[in-house]
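Colleague: turn this into a structure:
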Amino acid sequence: MKAFGLLLISCLSYTIRSAAANPILGHDQVVLGGSEAFQRPFRLPSFEAELSATSEFLSDAKKAILKGKHNLEKWIHDGKEFIKQNGLLYEIVSMKPFGEYQLRITEPDLCDPSVKQYSGYLDVAEDKHLFFWFFESRSSPAEDPLVLWLNGGPGCSSSTGLLFELGPCSIANQGKNTTHNPNSWNNNANIIFLDQPVNVGYSYADDGTTVSTSPVAGKDVYAFLQLFLDRFPKYSKQPFHIAAESYGGTYAPNFANIIYQENKKLGLAPVPHLKHINLASIVLANGLTDPYIQFASIPDYVCEGPYPVYKDPQGPECQSLRAKVPTCQRLIQSCYRFNSRFTCFPAMVYCSTIFGSLQQTGLNPYDVRRKCDRAKDGDLCYKQLLWVETWLNDPKTKAALGVNPDQTFASCNFEVNRAFASQGDGMHNSAILLPELVNDGVRLLVYAGNADMMCNYMGNERWVEQLDTKFHEEFSATESTPWIHADSGRVAGEVRSAGGGGFTAGNVTFVNVYEAGHMVPYDQPEAAVDLFTKWITDTPLTLRKAT
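Modeller: Residues are numbered from 1 along each chain as shown. The predicted structure is shown next:
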């Protein structure tokens, strides 16, 4: 049941710092320790022993720089601050408005050595560390947009999206190496992959504690973006897109809302060093965003969808599923109304029973066209995710990426999953955060593979259709149109779009991707990169009808 609980939510002691202590982040941010954590002398207390197990995997150039340096020693070179930590070399970036945060940055050459890369950690005080890996665009880094990619779970690493779906390289050979991915989304975009919240992937908390709600997680993401753009201002001028998969359908609206609201505050009262983040669009991939609508769609999908799980839509299995929907929706409505874990957690517990019988089918819930043999393919039904863990736990990989050598990478963290579940976080209505942004020009793309049972395309299309924006009437009146792949000319799916008059990719757009499951870029890599590229360049997905 542990694994299935994670699959469901996939689609599905801390010190509270005052607003005075951090006026940018407000009252509800969770942080550990104090701002004094990074205000230490030039040379910090250090471990005298060199960490040779890590250092032996470093390049000769980095070994030369670190020679004679003590662990945790800081120094200045060419106007930049560096630190030796865990036997590794990092550049340190900090900002006065975020006194409890810093970036530790290194420059790997893994995956795709042909592009500029940065990786490392966002440190929150001394205790909390979020891992990131950035790749410049293969085309035109100075002009191409900046994208933040997030996987869901909650508790699943974005590094799996990088190596399994859409990054510059793909995991191969049982995790012994990687291969070039010609359909990477950094073909025309600068992309950040961020492991969040804490304790996901390479990210970690020294005391083991974790974040358990999306709004709080979003505060750390906003701080990360500000520090990253302060260090690399050349990426701050381009449009910024936040793209998220699975539980990212809950994350991304929350994170985008925080960015949007902070942008508004900066417009009224600018703060030195803080940047307006040019939020251009939100991309939700097979996400959980409006549970009230999406859970009600489950019986329709598994009984009458393109890949029906049950042969008889009026049979006892389908009747049983439909009978649970009214109670599920009533509980979710209470969650929406009171916005409390005391109403949201019961909704999550009951609504999860809709999936109970589906677990017994032996199907891959991420792709109902396939069986799932967890003995061979792992808890998440894809053996490649086990390969990802093998490669990312290689000491050479860790050293290159600036990863704490004591960290063990796991594709998904069940403890983080349970922490979010205990708050009923996934039962909140994240869609309600979107209309204000959409009405103010932030574009919205929702896409879903038609073979995904976890966050099916029917429920995703329905909540987009009911989204209360100024494009609502136009979207509701729009019929699906074939989406033609740019190169092959084949029909890759169907699209509904409102805004732009057919001359753009639209302001509110939904795409049903044919022959794809939960991870569309894995199942349909050419179509996925075509969709993404057209979206970020605001190019129509379909041929414009003559008028």
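
Colleague: so residue 500 touches residue 478, yeah?
Modeller: No - checked against CB atoms under 8 Å, the pair residue 500 and residue 478 is beyond contact range at 11.6 Å. Bear in mind the C-beta positions are built from the backbone N, C-alpha and C, glycine included.

Colleague: mind jotting down where the helices sit in the stretch 201-350 of the chain?
Modeller: 214-231, 248-268, 291-296, 298-304, 316-338, 341-351 (DSSP state H, counting those that start in this stretch).

Colleague: which residues touch residue 150?
Modeller: By CB atoms under 8 Å, 6 or more residues apart in numbering, residue 150 lies in contact with 158, 161, 194, 196, 242-245, 248, 251-252, 255.

Colleague: hmm, which of the residues you listed is lowest in pLDDT?
Modeller: Among the contacts of residue 150, residue 196 has the lowest pLDDT, at 88.

Colleague: phi, psi of the residue lying closest to it once chain neighbours are set aside?
Modeller: Spatial nearest neighbour of residue 196, chain neighbours left out: residue 130 (5.2 Å); criterion: CB to CB, 6 or more residues apart in numbering. As for residue 130, its main-chain torsions (degrees, to the nearest 10) stand at phi -110, psi 130.

Colleague: bridging residues for residue 130?
Modeller: Taking DSSP bridges as the rule, residue 130 bridges to residue 122.

Colleague: who are the contact partners of it?
Modeller: Taking CB under 8 Å, 6+ apart, one finds 121-122, 124, 194-198, 203, 220, 224 in contact with residue 130.

Colleague: mind exporting stretch 121-137 as CSV, just the C-alpha atoms?
Modeller: Extracted C-alpha coordinates of stretch 121-137, given in CSV (Å, rounded to 0.1, in the frame of the first residue of the first chain):
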residue,chain,number,x,y,z
TYR,A,121,22.2,24.0,-3.3
LEU,A,122,19.9,26.6,-2.0
ASP,A,123,20.7,26.7,1.8
VAL,A,124,18.1,27.9,4.2
ALA,A,125,20.0,28.8,7.4
GLU,A,126,22.3,25.9,8.1
ASP,A,127,19.8,23.1,8.2
LYS,A,128,17.8,23.0,4.9
HIS,A,129,19.2,22.4,1.5
LEU,A,130,17.5,22.3,-1.9
PHE,A,131,19.4,20.8,-4.9
PHE,A,132,19.2,22.4,-8.4
TRP,A,133,20.7,21.6,-11.8
PHE,A,134,20.6,24.2,-14.5
PHE,A,135,21.3,23.9,-18.3
GLU,A,136,21.6,26.7,-20.8
SER,A,137,19.7,26.5,-24.0
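
Colleague: from the chain's centroid, how far away is it?
Modeller: Distance, stretch centre to chain centre, for stretch 121-137: 14 Å (CA atoms, centre = their mean, to the nearest Å).

Colleague: you'd agree residue 161 is up against residue 171?
Modeller: No - contact criterion CB under 8 Å: residue 161 and residue 171 do not qualify, at 11.4 Å.

Colleague: what's the overlap in contacts for those two?
Modeller: What both residue 161 and residue 171 touch, as defined by CB under 8 Å, 6+ apart, is an empty set.

Colleague: write a PyMOL command that selects only the buried members of the contacts of residue 130.
Modeller: This is the PyMOL syntax for the buried subset of the contacts of residue 130, where burial follows 16 or more other CB atoms under 10 Å:
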select buried, resi 121+122+124+194+195+196+197+198+203+220+224
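
Colleague: rebuild the contacts of residue 130 as JSON lines, extending it with distance to residue 326.
Modeller: Shown next, in JSON lines, are the contacts of residue 130 (distance: CB to CB, whole Å):
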{"residue": "121", "distance to residue 326": "47"}
{"residue": "122", "distance to residue 326": "44"}
{"residue": "124", "distance to residue 326": "43"}
{"residue": "194", "distance to residue 326": "39"}
{"residue": "195", "distance to residue 326": "39"}
{"residue": "196", "distance to residue 326": "35"}
{"residue": "197", "distance to residue 326": "33"}
{"residue": "198", "distance to residue 326": "38"}
{"residue": "203", "distance to residue 326": "40"}
{"residue": "220", "distance to residue 326": "38"}
{"residue": "224", "distance to residue 326": "42"}
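
Colleague: quick one, what contacts the nearest residue to residue 243 once chain neighbours are set aside?
Modeller: For residue 243, ignoring the flanking residues on the chain, the nearest one in space by CB to CB, 6+ apart is residue 283 at 3.8 Å. Applying CB under 8 Å, 6+ apart, we find residue 283 in contact with 241-244, 252, 445-447, 532, 535.
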